[in-house]
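Colleague: Got a sequence here, can you build the structure:
(one chain, ligands or ions: 1)
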Amino acid sequence: MFFHGTSRVNEKGHLEIGGVDTVELAEMYGTPLYIYDVALIRTRARAFKEAFHRHGVQAQVAYASKAFSSIAMVQLAAEEGLSLDVVSGGELYTALAAGFPPERIHFHGNNKSRDELAMALEHGIGCIVADNFYELELIEQLASGRAVPVLLRVTPGVEAHTHDYILTGQEDSKFGFDLNNGQADEAFRRVMASPSFQLLGVHCHIGSQIFETAGFVLAAQKVFTKMAEWNKAYGFIPSVINLGGGFGIRYTEEDDPIPVSAYVDCIVKEVKRQAETCQLPLPEIWIEPGRSLVGDAGTTIYTIGSRKDVPNVRTYIAVDGGMSDNIRPALYGAKYEAVLANRVLGERTETVSIAGKCCESGDMLIWDLALPEAKPGDYLAVFCTGAYGYSMANNYNRLPRPAVVFVENGDAQLVVKRETYEDLIQHDLPFKAKVRK
Ligand SMILES: *Cc1c(COP(=O)(O)O)cnc(C)c1O
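Modeller: Down below sits the predicted model:
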(Lines give C-alpha, C1' and ligand atoms only; values in the text may rest on other atoms or scores of the structure.)
Protein backbone atom coordinates (compact mmCIF):
# COMPACT_ATOMS: atom_id res chain seq x y z
CA MET A 1 0.00 0.00 0.00
CA PHE A 2 1.26 3.44 -0.92
CA PHE A 3 1.13 5.39 2.32
CA HIS A 4 3.08 8.33 3.72
CA GLY A 5 3.57 9.65 7.23
CA THR A 6 0.67 8.89 9.57
CA SER A 7 -1.64 7.55 6.82
CA ARG A 8 -3.25 4.20 7.59
CA VAL A 9 -6.45 2.24 7.12
CA ASN A 10 -8.83 2.37 10.08
CA GLU A 11 -11.25 -0.29 11.32
CA LYS A 12 -13.94 0.97 8.92
CA GLY A 13 -11.59 0.41 5.98
CA HIS A 14 -11.30 4.18 5.55
CA LEU A 15 -8.14 6.16 4.93
CA GLU A 16 -7.05 7.84 8.13
CA ILE A 17 -4.45 10.62 8.32
CA GLY A 18 -3.17 12.21 11.51
CA GLY A 19 -5.58 10.02 13.47
CA VAL A 20 -8.58 11.47 11.62
CA ASP A 21 -10.92 9.61 9.27
CA THR A 22 -10.66 11.28 5.85
CA VAL A 23 -14.21 10.22 4.95
CA GLU A 24 -15.50 12.15 7.96
CA LEU A 25 -13.41 15.14 6.88
CA ALA A 26 -14.85 14.94 3.36
CA GLU A 27 -18.34 14.87 4.79
CA MET A 28 -17.68 17.72 7.18
CA TYR A 29 -15.77 20.09 4.86
CA GLY A 30 -16.89 18.96 1.41
CA THR A 31 -14.72 18.00 -1.53
CA PRO A 32 -12.32 18.55 -3.15
CA LEU A 33 -10.43 18.87 0.11
CA TYR A 34 -6.71 19.22 0.77
CA ILE A 35 -5.59 17.44 3.94
CA TYR A 36 -2.10 18.01 5.41
CA ASP A 37 -0.38 15.59 7.77
CA VAL A 38 1.23 18.09 10.13
CA ALA A 39 3.36 15.47 11.88
CA LEU A 40 4.92 14.53 8.55
CA ILE A 41 5.80 18.16 7.78
CA ARG A 42 7.44 18.38 11.21
CA THR A 43 9.33 15.13 10.59
CA ARG A 44 10.74 16.43 7.30
CA ALA A 45 11.67 19.82 8.75
CA ARG A 46 13.44 18.19 11.68
CA ALA A 47 15.25 15.73 9.41
CA PHE A 48 16.80 18.62 7.46
CA LYS A 49 17.69 20.60 10.57
CA GLU A 50 19.06 17.65 12.52
CA ALA A 51 21.21 16.55 9.59
CA PHE A 52 22.98 19.92 9.64
CA HIS A 53 23.12 19.88 13.41
CA ARG A 54 24.93 16.53 13.42
CA HIS A 55 27.70 18.09 11.32
CA GLY A 56 27.93 21.03 13.71
CA VAL A 57 27.76 23.58 10.91
CA GLN A 58 25.88 26.86 10.80
CA ALA A 59 22.88 26.41 8.53
CA GLN A 60 19.48 27.74 7.61
CA VAL A 61 16.71 25.58 6.20
CA ALA A 62 14.37 27.94 4.38
CA TYR A 63 10.93 26.66 3.42
CA ALA A 64 10.23 27.66 -0.20
CA SER A 65 6.73 28.90 0.54
CA LYS A 66 5.67 28.94 -3.11
CA ALA A 67 5.08 25.17 -2.65
CA PHE A 68 2.19 25.98 -0.31
CA SER A 69 1.72 29.36 1.27
CA SER A 70 -0.98 30.12 3.81
CA ILE A 71 -1.03 31.80 7.21
CA ALA A 72 -1.15 28.48 9.09
CA MET A 73 1.57 26.89 6.95
CA VAL A 74 3.90 29.85 7.50
CA GLN A 75 3.20 29.67 11.25
CA LEU A 76 4.02 25.96 11.25
CA ALA A 77 7.29 26.73 9.44
CA ALA A 78 8.09 29.35 12.10
CA GLU A 79 7.27 26.91 14.89
CA GLU A 80 9.69 24.39 13.38
CA GLY A 81 12.47 26.98 13.30
CA LEU A 82 12.64 27.18 9.53
CA SER A 83 13.51 30.28 7.54
CA LEU A 84 11.21 31.27 4.70
CA ASP A 85 11.60 31.97 1.00
CA VAL A 86 9.09 34.23 -0.69
CA VAL A 87 8.94 35.10 -4.38
CA SER A 88 6.35 37.85 -4.52
CA GLY A 89 4.73 40.66 -2.59
CA GLY A 90 1.79 38.33 -1.96
CA GLU A 91 3.92 35.61 -0.38
CA LEU A 92 5.78 38.25 1.62
CA TYR A 93 2.49 39.77 2.78
CA THR A 94 1.27 36.31 3.86
CA ALA A 95 4.48 35.71 5.81
CA LEU A 96 4.30 39.08 7.57
CA ALA A 97 0.58 38.67 8.31
CA ALA A 98 1.39 35.28 9.85
CA GLY A 99 3.89 36.97 12.14
CA PHE A 100 6.92 35.26 10.60
CA PRO A 101 10.17 36.87 11.84
CA PRO A 102 11.22 39.20 8.97
CA GLU A 103 14.92 38.61 9.58
CA ARG A 104 14.43 34.96 8.57
CA ILE A 105 12.68 35.81 5.28
CA HIS A 106 14.57 35.62 1.97
CA PHE A 107 13.15 37.28 -1.12
CA HIS A 108 13.53 35.57 -4.52
CA GLY A 109 12.31 36.29 -8.02
CA ASN A 110 13.52 37.28 -11.47
CA ASN A 111 11.38 40.40 -11.74
CA LYS A 112 10.75 41.88 -8.33
CA SER A 113 8.92 45.15 -8.73
CA ARG A 114 9.95 48.43 -7.14
CA ASP A 115 6.93 48.17 -4.82
CA GLU A 116 7.79 44.62 -3.80
CA LEU A 117 11.39 45.58 -3.05
CA ALA A 118 10.28 48.66 -1.12
CA MET A 119 7.97 46.47 0.97
CA ALA A 120 10.81 44.03 1.68
CA LEU A 121 13.15 46.85 2.74
CA GLU A 122 10.53 48.56 4.85
CA HIS A 123 10.04 45.37 6.86
CA GLY A 124 13.76 44.66 7.18
CA ILE A 125 13.68 41.16 5.76
CA GLY A 126 16.75 38.95 6.15
CA CYS A 127 18.06 39.10 2.64
CA ILE A 128 17.24 39.73 -0.96
CA VAL A 129 18.43 37.19 -3.48
CA ALA A 130 19.44 39.58 -6.25
CA ASP A 131 18.75 38.13 -9.67
CA ASN A 132 19.61 40.73 -12.33
CA PHE A 133 21.10 44.17 -13.02
CA TYR A 134 17.76 45.98 -13.12
CA GLU A 135 17.06 44.70 -9.61
CA LEU A 136 20.43 45.91 -8.35
CA GLU A 137 19.55 49.34 -9.74
CA LEU A 138 16.17 49.33 -7.98
CA ILE A 139 17.70 48.26 -4.66
CA GLU A 140 20.27 51.06 -4.89
CA GLN A 141 17.51 53.59 -5.53
CA LEU A 142 15.51 52.33 -2.55
CA ALA A 143 18.33 51.65 -0.07
CA SER A 144 18.49 55.25 1.21
CA GLY A 145 21.59 54.84 3.32
CA ARG A 146 21.05 51.21 4.27
CA ALA A 147 23.42 48.41 3.30
CA VAL A 148 20.89 45.85 2.08
CA PRO A 149 21.89 42.22 2.77
CA VAL A 150 21.96 40.39 -0.56
CA LEU A 151 22.91 37.07 -2.05
CA LEU A 152 23.79 37.01 -5.74
CA ARG A 153 21.81 34.38 -7.60
CA VAL A 154 24.04 32.72 -10.17
CA THR A 155 23.37 30.10 -12.82
CA PRO A 156 26.30 27.74 -12.52
CA GLY A 157 25.73 25.80 -15.74
CA VAL A 158 24.51 22.74 -13.86
CA GLU A 159 20.98 21.64 -14.62
CA ALA A 160 19.59 18.80 -12.58
CA HIS A 161 16.36 16.98 -13.06
CA THR A 162 15.38 13.77 -11.32
CA HIS A 163 18.06 11.28 -12.36
CA ASP A 164 20.04 13.38 -14.82
CA TYR A 165 22.14 16.41 -14.54
CA ILE A 166 23.39 18.31 -17.51
CA LEU A 167 26.45 20.50 -17.67
CA THR A 168 25.86 23.54 -19.80
CA GLY A 169 28.54 26.09 -20.52
CA GLN A 170 26.02 28.85 -20.41
CA GLU A 171 22.70 28.07 -18.86
CA ASP A 172 19.62 28.96 -20.87
CA SER A 173 17.64 30.18 -17.90
CA LYS A 174 15.63 33.26 -17.10
CA PHE A 175 17.08 33.28 -13.57
CA GLY A 176 20.24 34.76 -12.18
CA PHE A 177 23.67 35.94 -13.32
CA ASP A 178 25.60 33.57 -15.55
CA LEU A 179 28.67 32.26 -13.77
CA ASN A 180 30.58 31.50 -16.95
CA ASN A 181 30.23 34.55 -19.18
CA GLY A 182 31.31 37.41 -16.93
CA GLN A 183 27.82 38.49 -15.78
CA ALA A 184 28.32 37.22 -12.24
CA ASP A 185 31.68 39.03 -12.05
CA GLU A 186 30.11 42.26 -13.23
CA ALA A 187 27.31 41.92 -10.67
CA PHE A 188 29.86 41.19 -7.95
CA ARG A 189 31.91 44.33 -8.74
CA ARG A 190 28.77 46.42 -8.91
CA VAL A 191 27.57 45.23 -5.50
CA MET A 192 31.00 45.54 -3.84
CA ALA A 193 31.46 49.08 -5.16
CA SER A 194 28.17 50.33 -3.71
CA PRO A 195 27.42 51.22 -0.09
CA SER A 196 23.84 50.12 -0.69
CA PHE A 197 24.70 46.43 -0.49
CA GLN A 198 26.04 44.02 2.06
CA LEU A 199 27.02 40.96 0.01
CA LEU A 200 26.48 37.81 2.09
CA GLY A 201 27.40 35.30 -0.58
CA VAL A 202 26.10 33.34 -3.53
CA HIS A 203 22.90 31.45 -4.28
CA CYS A 204 22.08 28.84 -6.89
CA HIS A 205 19.13 26.51 -7.48
CA ILE A 206 19.74 23.77 -9.99
CA GLY A 207 16.34 22.19 -10.54
CA SER A 208 13.54 20.24 -8.94
CA GLN A 209 12.51 16.69 -8.05
CA ILE A 210 16.22 15.73 -7.94
CA PHE A 211 17.09 12.22 -6.72
CA GLU A 212 20.87 12.42 -6.88
CA THR A 213 23.50 14.36 -5.01
CA ALA A 214 25.94 14.83 -7.91
CA GLY A 215 24.29 18.01 -9.18
CA PHE A 216 24.59 19.72 -5.78
CA VAL A 217 28.25 18.72 -5.53
CA LEU A 218 29.00 20.17 -8.96
CA ALA A 219 27.10 23.35 -8.20
CA ALA A 220 29.01 23.80 -4.93
CA GLN A 221 32.29 23.31 -6.77
CA LYS A 222 31.43 25.90 -9.42
CA VAL A 223 30.25 28.45 -6.87
CA PHE A 224 33.36 27.99 -4.73
CA THR A 225 35.68 28.32 -7.70
CA LYS A 226 34.11 31.70 -8.38
CA MET A 227 34.11 32.79 -4.74
CA ALA A 228 37.79 31.85 -4.47
CA GLU A 229 38.53 34.01 -7.53
CA TRP A 230 36.72 36.93 -5.91
CA ASN A 231 38.58 36.28 -2.69
CA LYS A 232 41.97 36.41 -4.45
CA ALA A 233 41.16 39.46 -6.54
CA TYR A 234 39.16 41.53 -4.05
CA GLY A 235 39.58 39.91 -0.63
CA PHE A 236 35.89 38.98 -0.55
CA ILE A 237 34.94 36.56 2.25
CA PRO A 238 31.56 34.88 1.70
CA SER A 239 29.51 34.30 4.83
CA VAL A 240 26.75 32.29 3.10
CA ILE A 241 26.45 29.69 0.35
CA ASN A 242 22.88 28.85 -0.61
CA LEU A 243 22.40 25.74 -2.72
CA GLY A 244 18.65 26.07 -3.26
CA GLY A 245 16.03 23.33 -3.13
CA GLY A 246 14.81 20.64 -5.47
CA PHE A 247 15.07 17.55 -3.25
CA GLY A 248 12.95 14.80 -4.77
CA ILE A 249 9.96 13.02 -3.24
CA ARG A 250 8.04 9.83 -3.91
CA TYR A 251 4.91 10.56 -5.95
CA THR A 252 4.52 6.99 -7.23
CA GLU A 253 6.09 3.58 -6.76
CA GLU A 254 8.49 4.46 -9.57
CA ASP A 255 10.12 7.24 -7.56
CA ASP A 256 12.93 6.25 -5.25
CA PRO A 257 14.22 9.31 -3.43
CA ILE A 258 17.19 9.26 -1.08
CA PRO A 259 16.64 10.36 2.54
CA VAL A 260 16.78 14.05 3.36
CA SER A 261 19.90 13.46 5.47
CA ALA A 262 21.76 12.02 2.47
CA TYR A 263 21.44 15.30 0.56
CA VAL A 264 22.55 17.29 3.57
CA ASP A 265 25.50 15.00 4.35
CA CYS A 266 26.73 15.28 0.82
CA ILE A 267 26.27 19.06 0.62
CA VAL A 268 28.04 19.66 3.95
CA LYS A 269 30.93 17.39 3.01
CA GLU A 270 31.46 19.13 -0.31
CA VAL A 271 31.17 22.65 1.12
CA LYS A 272 33.71 21.78 3.84
CA ARG A 273 36.05 20.29 1.25
CA GLN A 274 35.73 23.28 -1.05
CA ALA A 275 36.19 25.82 1.73
CA GLU A 276 39.37 24.06 2.72
CA THR A 277 40.68 23.76 -0.84
CA CYS A 278 39.88 27.40 -1.56
CA GLN A 279 41.26 28.49 1.82
CA LEU A 280 38.05 30.24 2.74
CA PRO A 281 36.38 30.15 6.16
CA LEU A 282 33.43 27.76 6.23
CA PRO A 283 30.35 29.81 5.25
CA GLU A 284 26.86 29.24 6.61
CA ILE A 285 25.07 26.69 4.44
CA TRP A 286 21.52 27.54 3.40
CA ILE A 287 19.10 25.31 1.56
CA GLU A 288 15.54 25.88 0.37
CA PRO A 289 13.36 22.79 0.30
CA GLY A 290 9.77 23.29 -0.87
CA ARG A 291 8.33 20.07 -2.25
CA SER A 292 10.30 17.84 0.13
CA LEU A 293 8.84 19.58 3.20
CA VAL A 294 5.16 19.53 2.25
CA GLY A 295 4.68 17.40 -0.88
CA ASP A 296 3.98 13.98 0.56
CA ALA A 297 2.20 15.48 3.58
CA GLY A 298 -0.69 16.58 1.35
CA THR A 299 -3.59 14.41 0.18
CA THR A 300 -6.57 15.55 -1.89
CA ILE A 301 -9.99 13.96 -1.39
CA TYR A 302 -12.47 14.11 -4.27
CA THR A 303 -15.99 12.80 -4.71
CA ILE A 304 -16.43 10.47 -7.64
CA GLY A 305 -19.17 11.34 -10.10
CA SER A 306 -19.72 10.32 -13.69
CA ARG A 307 -18.28 7.42 -15.60
CA LYS A 308 -17.70 6.99 -19.30
CA ASP A 309 -16.77 3.65 -20.83
CA VAL A 310 -15.11 3.79 -24.22
CA PRO A 311 -15.34 0.12 -25.24
CA ASN A 312 -11.96 -1.48 -25.82
CA VAL A 313 -10.20 1.81 -25.11
CA ARG A 314 -10.59 2.99 -21.53
CA THR A 315 -12.92 3.94 -18.72
CA TYR A 316 -13.02 7.53 -17.53
CA ILE A 317 -14.05 8.20 -13.93
CA ALA A 318 -14.66 11.87 -13.24
CA VAL A 319 -14.08 13.67 -9.93
CA ASP A 320 -15.35 17.01 -8.64
CA GLY A 321 -12.05 18.85 -9.15
CA GLY A 322 -9.14 18.56 -11.56
CA MET A 323 -6.74 21.05 -13.11
CA SER A 324 -8.34 23.76 -11.00
CA ASP A 325 -6.91 22.23 -7.81
CA ASN A 326 -4.01 20.23 -9.30
CA ILE A 327 -2.68 21.50 -12.59
CA ARG A 328 0.54 19.49 -12.49
CA PRO A 329 -0.63 16.48 -14.55
CA ALA A 330 -1.97 18.79 -17.27
CA LEU A 331 1.01 21.14 -17.07
CA TYR A 332 3.85 18.66 -17.15
CA GLY A 333 2.54 15.13 -17.04
CA ALA A 334 3.00 14.68 -13.29
CA LYS A 335 2.01 11.24 -11.98
CA TYR A 336 0.13 10.34 -8.79
CA GLU A 337 -1.12 7.36 -6.80
CA ALA A 338 -4.66 7.17 -5.45
CA VAL A 339 -7.04 4.93 -3.50
CA LEU A 340 -10.72 4.95 -2.67
CA ALA A 341 -10.71 6.66 0.72
CA ASN A 342 -13.91 4.88 1.82
CA ARG A 343 -12.84 1.40 0.60
CA VAL A 344 -9.06 1.43 0.76
CA LEU A 345 -8.71 -2.33 0.92
CA GLY A 346 -11.34 -3.10 -1.72
CA GLU A 347 -10.10 -5.45 -4.38
CA ARG A 348 -8.73 -3.50 -7.33
CA THR A 349 -10.74 -5.09 -10.09
CA GLU A 350 -10.54 -2.49 -12.82
CA THR A 351 -8.19 -0.03 -14.45
CA VAL A 352 -9.62 3.43 -14.96
CA SER A 353 -8.41 6.92 -15.80
CA ILE A 354 -9.30 9.78 -13.48
CA ALA A 355 -10.67 12.84 -15.25
CA GLY A 356 -11.20 16.31 -13.85
CA LYS A 357 -14.38 18.28 -14.43
CA CYS A 358 -12.86 21.19 -16.33
CA CYS A 359 -13.61 21.89 -19.99
CA GLU A 360 -10.24 20.78 -21.34
CA SER A 361 -9.48 17.35 -22.75
CA GLY A 362 -6.10 17.67 -21.05
CA ASP A 363 -7.76 17.89 -17.64
CA MET A 364 -6.79 14.39 -16.52
CA LEU A 365 -5.42 13.61 -13.05
CA ILE A 366 -4.29 9.99 -13.38
CA TRP A 367 -4.07 7.61 -16.34
CA ASP A 368 -4.57 3.87 -15.88
CA LEU A 369 -5.16 3.53 -12.17
CA ALA A 370 -6.12 0.20 -10.64
CA LEU A 371 -9.16 0.69 -8.37
CA PRO A 372 -12.04 -1.24 -6.87
CA GLU A 373 -15.16 -0.65 -8.95
CA ALA A 374 -15.90 2.99 -8.16
CA LYS A 375 -19.43 4.31 -7.81
CA PRO A 376 -20.74 7.87 -7.66
CA GLY A 377 -20.33 9.13 -4.12
CA ASP A 378 -17.16 7.15 -3.43
CA TYR A 379 -14.19 9.23 -2.29
CA LEU A 380 -10.91 9.24 -4.16
CA ALA A 381 -7.76 10.11 -2.20
CA VAL A 382 -4.88 11.34 -4.35
CA PHE A 383 -1.58 11.22 -2.45
CA CYS A 384 1.33 13.62 -2.48
CA THR A 385 -0.53 16.75 -3.53
CA GLY A 386 0.95 18.97 -0.81
CA ALA A 387 3.35 20.91 -3.02
CA TYR A 388 2.26 23.07 -5.95
CA GLY A 389 -1.33 21.90 -5.60
CA TYR A 390 -3.20 24.55 -3.64
CA SER A 391 -0.53 27.10 -4.55
CA MET A 392 -1.27 26.64 -8.25
CA ALA A 393 -5.03 26.28 -7.78
CA ASN A 394 -7.15 28.51 -9.96
CA ASN A 395 -10.76 29.36 -10.70
CA TYR A 396 -10.96 27.95 -14.22
CA ASN A 397 -14.61 27.30 -15.10
CA ARG A 398 -15.32 29.38 -12.02
CA LEU A 399 -14.73 26.47 -9.68
CA PRO A 400 -14.31 27.72 -6.10
CA ARG A 401 -10.91 26.80 -4.68
CA PRO A 402 -11.10 23.97 -2.11
CA ALA A 403 -10.62 24.16 1.63
CA VAL A 404 -7.41 23.08 3.38
CA VAL A 405 -7.41 21.10 6.63
CA PHE A 406 -4.48 20.35 8.93
CA VAL A 407 -4.64 17.07 10.87
CA GLU A 408 -2.44 15.98 13.76
CA ASN A 409 -2.89 13.61 16.72
CA GLY A 410 -6.58 13.03 16.07
CA ASP A 411 -7.40 16.74 15.64
CA ALA A 412 -8.48 18.47 12.45
CA GLN A 413 -8.39 22.20 11.93
CA LEU A 414 -9.62 24.18 8.98
CA VAL A 415 -6.74 26.44 7.85
CA VAL A 416 -8.06 27.72 4.52
CA LYS A 417 -11.79 28.10 3.92
CA ARG A 418 -13.44 26.82 0.76
CA GLU A 419 -14.28 29.65 -1.62
CA THR A 420 -17.93 30.43 -2.08
CA TYR A 421 -19.73 31.50 -5.24
CA GLU A 422 -19.86 34.99 -3.71
CA ASP A 423 -16.07 34.95 -3.38
CA LEU A 424 -15.89 34.20 -7.09
CA ILE A 425 -17.69 37.38 -8.06
CA GLN A 426 -16.51 39.64 -5.25
CA HIS A 427 -14.20 41.67 -7.50
CA ASP A 428 -16.55 41.79 -10.48
CA LEU A 429 -18.19 45.11 -11.25
CA PRO A 430 -21.39 45.51 -13.24
CA PHE A 431 -21.30 46.59 -16.84
CA LYS A 432 -22.52 50.14 -17.19
CA ALA A 433 -24.56 50.69 -20.31
CA LYS A 434 -23.37 53.79 -22.15
CA VAL A 435 -25.48 56.80 -21.25
CA ARG A 436 -27.14 58.08 -24.40
CA LYS A 437 -26.67 61.79 -25.05
C1 LIG B 1 11.21 26.50 -6.46
C2 LIG B 1 12.42 26.86 -5.73
C3 LIG B 1 12.78 26.17 -4.57
C4 LIG B 1 12.02 24.97 -4.06
O5 LIG B 1 12.04 23.93 -4.98
P6 LIG B 1 11.46 22.48 -4.57
O7 LIG B 1 11.65 21.68 -5.81
O8 LIG B 1 10.03 22.68 -4.23
O9 LIG B 1 12.26 22.02 -3.40
C10 LIG B 1 13.89 26.61 -3.87
N11 LIG B 1 14.62 27.67 -4.29
C12 LIG B 1 14.30 28.36 -5.40
C13 LIG B 1 15.12 29.50 -5.81
C14 LIG B 1 13.21 27.98 -6.16
O15 LIG B 1 12.90 28.66 -7.27
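Colleague: need the helix or strand of this protein with the lowest average pLDDT.
Modeller: In the chain, no helix or strand scores lower on mean pLDDT, DSSP states H and E than strand 164-167, which sits at a mean of 68.
Colleague: right, and the helix or strand after that one?
Modeller: Under the assignment DSSP states H and E, the closest C-terminal helix or strand after strand 164-167 is strand 177-178.
Colleague: Parallel or antiparallel, list what pairs with that following strand.
Modeller: strand 148-155 (parallel) (DSSP bridges).
Colleague: near the ligand at all, the strand it pairs with?
Modeller: No - Strand 148-155 is not in contact with the ligand by Cβ under 6 Å from any ligand atom; minimum separation 7.4 Å. C-beta: built from backbone N, CA, C; applies to glycine.
Colleague: if we look at that strand, which residues are touching it?
Modeller: Contacts of strand 148-155 with the rest of the structure, by Cβ atoms under 8 Å, 6 or more residues apart in numbering, involve 106, 108, 121, 126-131, 139, 171, 173, 175-179, 184, 187-188, 191, 196-205, 223, 226, 240, 242.
Colleague: now with 6 Å?
Modeller: Strand 148-155 is touched from outside by 127-131, 139, 171, 173, 176-179, 184, 187, 197-204, 242, with contacts defined as Cβ atoms under 6 Å, 6 or more residues apart in numbering.
Colleague: List only buried entries from the residues you listed.
Modeller: The neighbour-count criterion (16 or more other Cβ atoms under 10 Å) marks 127-131, 139, 171, 176-179, 184, 187, 197, 199-204, 242 among these as buried.
Colleague: burial count for Tyr93?
Modeller: Residues near Tyr93, counting by other Cβ atoms under 10 Å, number 15.
Colleague: Next one, pLDDT for it please.
Modeller: You'll see Tyr93 listed with a pLDDT of 98.
Colleague: Okay, and which of the buried ones among the contacts of strand 148-155 map to helices?
Modeller: Ile139, Ala184, Ala187 (DSSP state H).
Colleague: Now the last one. Nearest residue, chain neighbours left out?
Modeller: Leaving out its chain neighbours, the residue that sits closest to Ala187 by Cβ to Cβ, 6 or more residues apart in numbering is Phe177, at 4.6 Å.
Colleague: Kindly provide the distance from that neighbour to Ile304.
Modeller: Phe177 is 50 Å from Ile304, where distance means Cβ to Cβ, to the nearest Å.
Colleague: neighbours around the closest residue to the ligand within the stretch 1-150 of the chain, how many?
Modeller: Nearest to the ligand in the stretch 1-150 of the chain, going by Cβ to the nearest ligand atom, is Ala64, at a distance of 3.5 Å. Ala64 has 28 neighbours, counted by other Cβ under 10 Å.
Colleague: ditto for Gln183
Modeller: Residues lying near Gln183 (other Cβ under 10 Å) number 18.
Colleague: who's in contact with the longest strand belonging to the chain?
Modeller: Secondary structure of the chain per DSSP state E: the longest strand is strand 298-310. With contacts defined as Cβ under 6 Å, 6+ apart, strand 298-310 is touched by 22, 26, 31-36, 315-321, 341, 374, 376, 378-383, 385-386.
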